[in-house]
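Engineer: What follows is a protein structure lacking sequence information:
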């Protein structure tokens, strides 16, 4: 491992950020299994996508800057890209779920959505 | 101290691998199609993060480009599939 | 539409320099060419241009969003790991908005969805009502206040 020559003041925050990011992504993915309706599950991976990925990317910036001996900040690109795109996918999936109905996944979710008018306006779907 | 960083890299790798396993189980079990796409989304992001972990552990810059490409193509794929569920076609006239 | 500062060109140039990781003169030149061409192309695809103002308000909003993302990450984590195997009270929440600008609405939907625990579900353009899906719908009044006071008002200042 090339982490041998890393100074402490970079290695310690990077390690803590890595542990935090790993735990956040793990809990987010665990939520995919533990929560029992689609509408509850859609919230779980957002944890890993936003803060988990952010922690890991900051740690990657720190260590690669220390390894290269100059500031390396191109991980910012991945961070910004994820920050913009992962909500878009989530929103599209939410609209798709509202449009298709919850399928055979358990109840609990769209109770008050189905009562009366669905939150999906029909004019946008024609 | 770098031993601690080394340990943290392995710990995070284990976390992401477990996360990928959870997402894969949901991908296979999944009752509705949107569950599978949600699981696929979580799967590729965890995969991208573990590639970055390998980059930190080995200390090579080439992994950044791989991670960027996984993020780009994963987004295109899952957005196209979600769009397909929503409208029945991906590129509309 | 004449603008004082070419924001899209500047961002594209910054992206080019970040991808190439160099500040050499030929990279500046290529990046400038790329930025001008791509933003021309993007303008023909979408003529409607956003005119954000008030950088200070935007930075303050970013800071608030970061704090809220961290806080709600912890909250959602506690719900997922909850020792009592009790499913959270999920539900939809309707919020009437005053914000009309399409770019402001796009930014609001990104902010809402990027915060764990809330997902943007629908926006009704006629009545200007936003529908959210909330994972932990304990008190609707708090969510309503957070969305309108903390996010919507700065976005109105920035975009309108």
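Structural biologist: All right, it came through fine. The shown structure was predicted, so the numbers you read here are calculated from the model rather than taken from an experiment. Numbers count the residues shown, from 1 in each chain, chains lettered A, B, ... in the order given.
Engineer: which residues does residue 30 contact?
Structural biologist: You didn't pick a chain, so chain A it is. A:44, B:19, B:22, C:80-81 (CB atoms under 8 Å, 6 or more residues apart in numbering or on different chains). No exception for glycine: its C-beta is placed from N, CA and C like everyone else's.
Engineer: The chain in question should be chain C.
Structural biologist: Residue C:30 sits next to residue C:16 when contact means CB under 8 Å, 6+ apart.
Engineer: Look up how far residue A:73 lies from it.
Structural biologist: Applying CB to CB, to the nearest Å, the value for residue C:30 to residue A:73 is 20 Å.
Engineer: So for the residue most central in space within chain C, what's the nearest residue that isn't a sequence neighbour?
Structural biologist: Central residue of chain C (CA atoms, centre = their mean): residue C:107, 3.1 Å from the mean position. Spatial nearest neighbour of residue C:107, chain neighbours left out: residue C:155 (5.8 Å); criterion: CB to CB, 6 or more residues apart in numbering or on different chains.
Engineer: thought the one you found was touching residue C:60?
Structural biologist: No - here residue C:155 lies out of contact with residue C:60, judged by CB atoms under 8 Å, at a distance of 11.7 Å.
Engineer: Mind checking which of the two has more residues around it?
Structural biologist: Set side by side, residue C:155 and residue C:60 show more neighbours around residue C:155, with 24 against 12, by other CB atoms under 10 Å in any protein chain shown.
Engineer: OK, contacts around that one?
Structural biologist: C:61, C:99, C:101, C:104, C:107-108.
Engineer: quick one: the helices in chain C?
Structural biologist: With DSSP state H as the criterion, chain C has helices at C:7-20, C:25-45, C:55-80, C:102-114, C:140-145, C:153-159.
Engineer: How about chain A?
Structural biologist: Assigned by DSSP H, the helices in chain A fall at A:8-34, A:38-41, A:44-47, A:53-68, A:75-100, A:111-114.
Engineer: Kindly compare burial across those helices and name the winner.
Structural biologist: Stretch with highest mean neighbour count among those: helix A:44-47 (a mean of 29; mean count of other CB atoms under 10 Å in any protein chain shown).
Engineer: Help me confirm that residue B:72 comes into contact with residue A:81.
Structural biologist: Yes - the criterion here is CB under 8 Å, and residue B:72 meets it with residue A:81 at 7.3 Å.
Engineer: center of chain A, which residue is that?
Structural biologist: residue A:49 (1.5 Å).
Engineer: if I read this right, residue A:79 contacts residue A:56, doesn't it?
Structural biologist: No - assessed by CB under 8 Å, residue A:79 is found out of contact with residue A:56, at 9.5 Å.
Engineer: who's in contact with the residue nearest to the centre of chain A?
Structural biologist: Under the criterion of CB under 8 Å, 6+ apart, the contact list for residue A:49 reads A:28, A:82, A:86, B:41-42, B:45.
Engineer: and those residues near chain C, which?
Structural biologist: Of the residues in those, proximity to chain C by CB under 8 Å from any CB of the partner chain holds for A:28, A:86.
Engineer: In a markdown table, list the contacts of residue A:49 along with pLDDT.
Structural biologist: Output for those, formatted as a markdown table (pLDDT from 0 to 100):
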| residue | pLDDT |
| --- | --- |
| A:28 | 89 |
| A:82 | 89 |
| A:86 | 90 |
| B:41 | 91 |
| B:42 | 91 |
| B:45 | 92 |
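Engineer: Quick one: name the residues of chain C near chain A.
Structural biologist: Contact residues (CB under 8 Å from any CB) of chain C with chain A: C:15, C:18-19, C:21, C:69-70, C:73, C:76-77, C:80-81, C:87-88, C:90-92, C:94, C:109-110, C:113-122, C:124, C:131, C:133, C:135.
Engineer: Could you restrict those to the ones contacting chain B?
Structural biologist: Applying CB under 8 Å from any CB to the residues of chain C next to chain A, none is adjacent to chain B.
Engineer: Of these, select the buried ones using a PyMOL command.
Structural biologist: Selection of buried members from these for PyMOL, criterion 16 or more other CB atoms under 10 Å in any protein chain shown:
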select buried, chain C and resi 15+18+69+73+76+77+80+88+90+91+92+94+109+110+113+114+115+116+117+118+119+120+121+122+124+131+133+135
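Engineer: How about the contacts made by the residue of chain C found nearest chain B?
Structural biologist: Going by CB to the nearest CB, chain B is nearest to residue C:19 of chain C, at 8.3 Å. Residue C:19 sits next to A:74, A:77 when contact means CB under 8 Å, 6+ apart.
Engineer: any idea which of the helices of chain C is most buried?
Structural biologist: The highest mean neighbour count among the helices of chain C, using mean count of other CB under 10 Å, belongs to helix C:102-114: a mean of 21.
Engineer: got the angle between that helix and helix C:55-80?
Structural biologist: Angle of helix C:102-114 versus helix C:55-80, following axes from the mean of the first three to the mean of the last three CA atoms, to 10 degrees, is 30 degrees.
Engineer: helices and strands around helix C:102-114, which ones?
Structural biologist: Contacting helix C:102-114 under the criterion 3 or more CB pairs under 8 Å, 6 or more residues apart in numbering or on different chains; DSSP states H and E are the following elements: helix A:75-100, helix C:55-80, strand C:118-124, helix C:153-159.
Engineer: what's the angle from that helix to helix A:75-100?
Structural biologist: Helix C:102-114 and helix A:75-100 are oriented at 90 degrees to each other (the same axes, to 10 degrees).
Engineer: How about residues contacting helix C:102-114?
Structural biologist: Here helix C:102-114 makes contact (CB under 8 Å, 6+ apart) with A:46, A:50, A:83-84, A:86-88, A:90-91, C:48, C:50, C:52, C:65, C:69, C:97, C:99, C:118-120, C:123, C:130, C:132, C:147, C:151-152, C:155-156, C:158-160.
Engineer: All set now, cheers.
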